[in-house]
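> what follows is a predicted protein model with its sequence.
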Amino acid sequence: MQAYKFTSERLGFRLWEEKDLVPFAALNSDPEVMEFFPKPLTTEETKNYITRLNQHYGDYGQTFYAVDTLENGEFIGFIGIAYPTFPADFTPCWEIGWRLKRAAWNKGYATEGAKRCLDYGLNENGYEAIYSFTATINHRSERVMQKIGMQKIGEFDHPKVEDGHRLKRHVLYKVEEMRE
């Protein structure tokens with residue numbers, strides 16, 4: 001039985017393990033999954049990312065958690081809460097984010113998992129607010145933000161994306177309490 005930090009109806013949220021490298025590297029190398037990121041990641045970059053995600057949990061008590069389906073224990077990606085380290089007028093803050101493999105798209109997993117993470121952050125951890133952001137052209141993720149009750153509060157140029165890049169401009173969403 002997998003040790004989950006918490007669960008939703010269909011999903012289990014856990015810390016990262018060595019067994020996650022191969023499926024997470026496959027997800028991160030998929031050009032469709034990584035369409036709204038600067039580039040797909042190599043296996044080595046994914047390994048380093050897992051190390052950073054686990055370190056982030058050690059530093060902040062939160063991370064983008066590895067997510068499995070409870071039905072069969074299949075790894076489908078990540079959903080969770082992180083503490084962005086870049087300077088912006090809304091940081092420091094808590095951020096909710098997700099990245100799922102294509103086979104898990106259009107099944108409601110991102111929405112279900114993000115709602116559960118909002119509940120975990122706002123109600124179980126007492127965070128005053130949680131933010132989310134994505135490139136302005138990433139309408140799928142923006143739609144998830146809307147579905148989970150977040151409100152658009154603006155746009156910004158992401159400081160970690162080079163000037164002139166198609167992903168530089170981001171939408172910014174925020175939620176301060178759970179809404180149904």
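Perfect, I can see it now.
> what about residue 26, how many residues close to it?
14 (other CB atoms under 10 Å). C-beta: built from backbone N, CA, C; applies to glycine.
> in which helix or strand does it reside?
With secondary structure defined by DSSP states H and E, residue 26 is part of helix 21-28.
> could you point out the helix or strand that follows that helix?
Scanning forward in sequence from helix 21-28, with DSSP H and E defining helices and strands, the next element found is helix 43-60.
> please look at residue 26 and residue 101 and confirm they touch.
Yes - taking contacts as CB atoms under 8 Å, residue 26 lies within contact range of residue 101: 7.4 Å.
> so where is this structure shaky, pLDDT-wise?
Residues of the chain meeting the criterion pLDDT under 70: 1-2, 178-180.
> what ranges do the strands span in it?
Secondary structure of the chain (DSSP state E): strands at 6-7, 11-14, 64-69, 75-82, 95-100, 130-135, 151-157, 169-175.
> and residue 34, which of these is closest to it?
With respect to residue 34, and counting by CB to CB, the nearest of those is strand 95-100 at 8.4 Å.
> what angle separates that closest one from strand 75-82?
Calculated by axes from the mean of the first three to the mean of the last three CA atoms, to 10 degrees, strand 95-100 forms an angle of 170 degrees with strand 75-82.
> now do strand 95-100 against helix 21-28, angle only.
Using the same axes, to 10 degrees: strand 95-100 against helix 21-28 is 100 degrees.
> distance from strand 95-100 to the middle of the chain?
Centroid separation between strand 95-100 and its chain, computed with CA atoms, centre = their mean, to the nearest Å, is 1 Å.
> who does the most centrally placed residue in the chain form a beta bridge with?
Closest residue to the average C-alpha location of the chain: residue 97 at 2.2 Å, with CA atoms, centre = their mean. The residues listed as beta-bridge partners of residue 97 by DSSP bridges are residue 80.
> quick one, what contacts it?
For residue 97, the contacting residues are 64, 78, 79, 80, 81, 82, 132, taking CB atoms under 8 Å, 6 or more residues apart in numbering as the criterion.
> hang on, residue 21 packs against residue 48?
No - taking CB under 8 Å as the definition, residue 21 is not a contact partner of residue 48, at 10.7 Å.
> these two: which is more packed in?
residue 21 (15 against 12).
> just give the closest residue to the more buried one, not the sequence neighbours.
What sits nearest to residue 21 in space, not counting adjacent residues and going by CB to CB, 6 or more residues apart in numbering, is residue 47, at 5.8 Å.
> thanks a lot, catch you later.
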